[in-house]
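> what follows is a protein structure lacking sequence information:
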């Protein structure tokens, strides 16, 4: 104000009007500017007046920044957020307006705050620095990003532009790649192990390079050190095989190339130490998209052990077959012998009813020397005998036949049973073939109701009487053939039998068991016969076998002879 | 974060790309943190994004700081780099210095 003060009130009113006018002009100017009625304003500055356009020239860049796929932030020198694009706000799930004025380090994980600060400070105007950081999201896990910071000097004010690229997909891709690689490595390892265990290797022949890519196991089978490339030429491969077999592979390969069919070829591999291995190679043609032969792939397996095992199995099977046939033949012969020496049918005698059983041993090779006999005597009596030749071979069966026939001959004399056994013993010891046998021989007189018998090393007969069951004890003579004739003593015993009594003669197979002694066996037999008095001879045989050998299993053969005394005049 | 009963209500209009805006934002941020911690609600508006808000307050240039509370309302336009000038413009006494009268 350079004007001197004038007359008080009038001057003040003028001044007020002038100011009002000035304000109105300024107001109109502002209204015009605000309404967009001007293109530019001229403003004073250090370098004089400058023209500032009101339609922003950097609008296109702003649009680019808004629309770009990366997050963009400008921060002040102290790290205050001046601007953030929508992409960044979306990335951290935050309202964009709320980001302005905040400290930019609040955007990252606490552990990365100092990294970001350092990065911002270090980014001098005109330079760009990068670091990987984790952005904190309002909800959910952090977002991995690549942060690029560029320093900028705007008229002396330092601003930094921060561009963040979301690495989530890239990280996931990297993890998937790492996982896939690990899985692939594991699969490759498994495959190699499987090939090693199965002694089977895989190969691929590339038609273009004429090279064969081989798995590690192929080299092991060939007995050579793996090449660094894992490939071999056909010539080198052929050299590993037996010269006589090399042509087979060539022929098979050429045929497969011609007809496109898979091939199988067996070849011997000769190792450096002279070991010869048997291999089986299977292959097939691989065609490219046009149908042309691209190569062949296949496997080669070392089957040496399998072949050896198969040969051993075949040999064992043949040996078993031979043995089985030999055994079957021996069994057949023994059965024939046994049938020849056992009576074809039992005699019919007045006053006595007979039944008999013969059970061969379970083991087919163990046809025993057990036998029984029953025949009529000229005086109307009944001769009965049972015995057991020691051993289960053909010699035993032959001895049994001799004993049984000799006993028949001696029985027709009137000699007492003890003398019959003594003569039998003399015969066996005299034969000098060191045979041993037990025997029980007796005569039943139905009319007199007496049974007279003698025993050489044989189990005593069982009498099922009205008063009960008892084993008929007798002085035990020695086994036939065991004692020289001069010293062998046999004695007669006799017992009275009543109508309906049942006499049972048997061999030790009926009562012997591995898990019990002979006395227990006798007791079991007596109990088994407890309710059989008066029963038919057939019933007695059937019942005793059912009760004593219930499971039809017996290690030894068994003879059983039952005689029921009938009342005068029959039943 | 919301402030229960802010005694001060400030709105700063800026343009994200501008150097003056950057300086203004730094100054106002400092003012809020140092002088008015816990008793101010600061709204920062980028007029490029929200031109409607600029019209509400009759903003003709950025940066502009608007003081709504406490009354009377004030507008500061232009260079906001000087903290003392900003304090004076919104009727805020300088923070008491220990030992000063």
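Structure's in. What do you need? It should be emphasised that the depicted structure is a prediction, and the values quoted were computed from it without experimental measurement.
> which bits of chain A sit near chain B?
Proximity of chain A to chain B (Cβ under 8 Å from any Cβ of the partner chain) is limited to residues A:30, A:33-34, A:56, A:58, A:62, A:74, A:76-78, A:80, A:82-83, A:96-97, A:100-101, A:154-157, A:159. Just so you know, the C-beta spots here come from the backbone N, C-alpha and C atoms, and that holds for glycine as well.
> and the buried ones among those residues, selectable in PyMOL?
Buried residues among the residues of chain A next to chain B (16 or more other Cβ atoms under 10 Å in any protein chain shown), as a PyMOL selection:
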select buried, chain A and resi 34+62+74+76+80+82+83+96+97+100+101+154+157+159
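> next step: the residues of chain A next to chain B restricted to strands.
Using DSSP state E, the subset of the residues of chain A next to chain B located in strands is A:74, A:76, A:82-83, A:154, A:157, A:159.
> what helices or strands is the helix or strand containing residue A:177 leaning on?
Using DSSP states H and E, the element containing residue A:177 is helix A:168-197. Helix A:168-197 is packed against strand A:143-154, helix A:216-222, with contacts defined by 3 or more Cβ pairs under 8 Å, 6 or more residues apart in numbering or on different chains; DSSP states H and E.
> with distance to residue A:446 as extra columns, can I get these in CSV?
Shown next, in CSV, are the helices and strands packed on helix A:168-197 (distance: least, Cβ to Cβ, whole Å):
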stretch, distance to residue A:446
strand A:143-154, 115
helix A:216-222, 87
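> tell me which of these sits most buried.
helix A:216-222 (a mean of 21; mean count of other Cβ atoms under 10 Å in any protein chain shown).
> buried residues in the helix or strand just after it?
Scanning forward in sequence from helix A:216-222 by DSSP H and E, the next helix or strand is strand A:231-233. Within strand A:231-233, the residues scored as buried using 16+ other Cβ under 10 Å are A:231-232.
> same check on stretch A:559-571?
Buried residues in stretch A:559-571 (16+ other Cβ under 10 Å): A:559-566.
> contacting residues around stretch A:203-213?
A:214-215, A:218, A:230-234, A:237, A:286, A:293-300 (Cβ atoms under 8 Å, 6 or more residues apart in numbering or on different chains).
> same question, stretch A:536-548
A:353-357, A:359, A:464, A:502, A:504, A:510-511, A:524-525, A:528-529, A:532, A:535, A:558, A:560, A:562-564.
> inside strands: which ones of the residues you listed?
A:353-357, A:359, A:464, A:502, A:504, A:558, A:560, A:562-564.
> circling back: average pLDDT for the helix holding residue A:177?
The pLDDT scores in helix A:168-197 average 89.
> hey, where'd the strands end up in the stretch 451-571 of chain A?
Along the stretch 451-571 of chain A, counting by DSSP state E, counting those that start in this stretch, strands occupy A:462-465, A:468-471, A:492-496, A:502-506, A:558-565.
> can I get those strands in TSV with mean pLDDT and distance to residue A:273?
Shown next, in TSV, are these (pLDDT from 0 to 100; distance: least, Cβ to Cβ, whole Å):
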stretch	mean pLDDT	distance to residue A:273
strand A:462-465	95	75
strand A:468-471	93	75
strand A:492-496	93	81
strand A:502-506	96	69
strand A:558-565	94	62
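> who wins for proximity to residue A:90 among the ones you listed?
Closest approach to residue A:90 among the strands of the stretch 451-571 of chain A (Cβ to Cβ): strand A:558-565, 99.0 Å.
> partner strands of that closest one, parallel or antiparallel?
If you go by DSSP bridges, strand A:558-565 pairs up with strand A:352-359 (antiparallel), strand A:502-506 (antiparallel).
> looking at these, which is buried most?
Most buried among the strands paired with strand A:558-565, counting by mean count of other Cβ under 10 Å: strand A:502-506, with a mean of 25.
> is residue A:318 in a helix, a strand, or coil?
Put simply, residue A:318 is helix when judged by DSSP: H, G, I helix; E, B strand; the rest coil.
> buried sites along the helix or strand bottoming out on mean pLDDT in chain B?
Least confident element among the helices and strands of chain B, by mean pLDDT, DSSP states H and E: helix B:51-56 (a mean of 74). Judged by neighbour count (16+ other Cβ under 10 Å), helix B:51-56 contains these buried residues: B:53-54.
> buried subset of the contacts of stretch A:203-213?
Buried by 16+ other Cβ under 10 Å: A:214-215, A:218, A:231-232, A:237, A:294-300, out of those.
> whichever residue of the stretch 251-400 of chain A sits closest to chain B: how many residues sit nearby?
In the stretch 251-400 of chain A, the residue that lies nearest chain B is residue A:289 (55.7 Å; Cβ to the nearest Cβ). Residues near residue A:289, counting by other Cβ atoms under 10 Å in any protein chain shown, number 6.
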